[in-house]
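>>> model this:
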Amino acid sequence: QVQLVESGPGLVKPSQTLSLTCTVSTVDITTAFHYWSWFRQPPGKGLEWIGSVLPSGRTAYTPSLKNRVSITRDTTKNQFTLELSSMPPAATDEYFCDGLSIRGSAASHYWGSGPLVIVSS
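You can find the predicted model right below:
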């Protein structure tokens, strides 16, 4: 069973950069047809895709956050990291890391637990 565990601060100050790391176990993050992503969810609202890193290392980001977001990976630690700069004041979201495995016509998602991140001074 693939497991994803997020780590990072639960509280950041306005204008600072949020940095969250997702550690993946059981599968190598460079494995073909495995895609690693970050999502966020405000309380009571739907999931928003932030961005993804592909097996090749290439990244893709949602257009609305493209100027503030960076997703990198450390293949030696089997981790991928989200950095989101210029955090706005009073933002509160759960941040989830996700692994998508595609095998033929079947797809499986593996989710982290989703730590709550509060932006406050």
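>>> And residue 43, which helix or strand is it part of?
Assigned by DSSP states H and E, residue 43 belongs to no helix or strand.
>>> Contacts only, for the nearest residue to residue 94 once chain neighbours are set aside.
Take residue 94 and drop its neighbours on the chain: the residue closest to it by CB to CB, 6 or more residues apart in numbering is residue 114, 4.2 Å away. Every C-beta, even on glycine, is put in place using the N, C-alpha and C of the backbone. Contacts for residue 114 (CB atoms under 8 Å, 6 or more residues apart in numbering) come out as 6, 41, 94-96.
>>> try 7 Å
Taking CB atoms under 7 Å, 6 or more residues apart in numbering, we find residue 114 in contact with 94-96.
>>> try residue 22
With the criterion set at CB under 7 Å, 6+ apart, residue 22 makes contact with 4, 6, 79-80, 97, 112.
>>> ok, it to residue 98 distance?
In this view, residue 22 and residue 98 are 9 Å apart by CB to CB, to the nearest Å.
>>> again with residue 48
For residue 48 relative to residue 98 (CB to CB), the value is 12 Å.
>>> Please apply the same query to residue 109.
Counting by CB to CB - residue 109 and residue 98 are separated by 6 Å.
>>> neighbour count winner among these two?
Comparing residue 109 with residue 98 by other CB atoms under 10 Å, the one with more neighbours is residue 98, at 19 against 10.
>>> Okay, and the beta partners of the more buried one?
Residue 98 forms beta bridges with residue 37, residue 111, as assigned by DSSP bridges.
>>> That one reaches residue 113, doesn't it?
No. Residue 98 is not in contact with residue 113 according to CB atoms under 7 Å; the separation is 11.5 Å.
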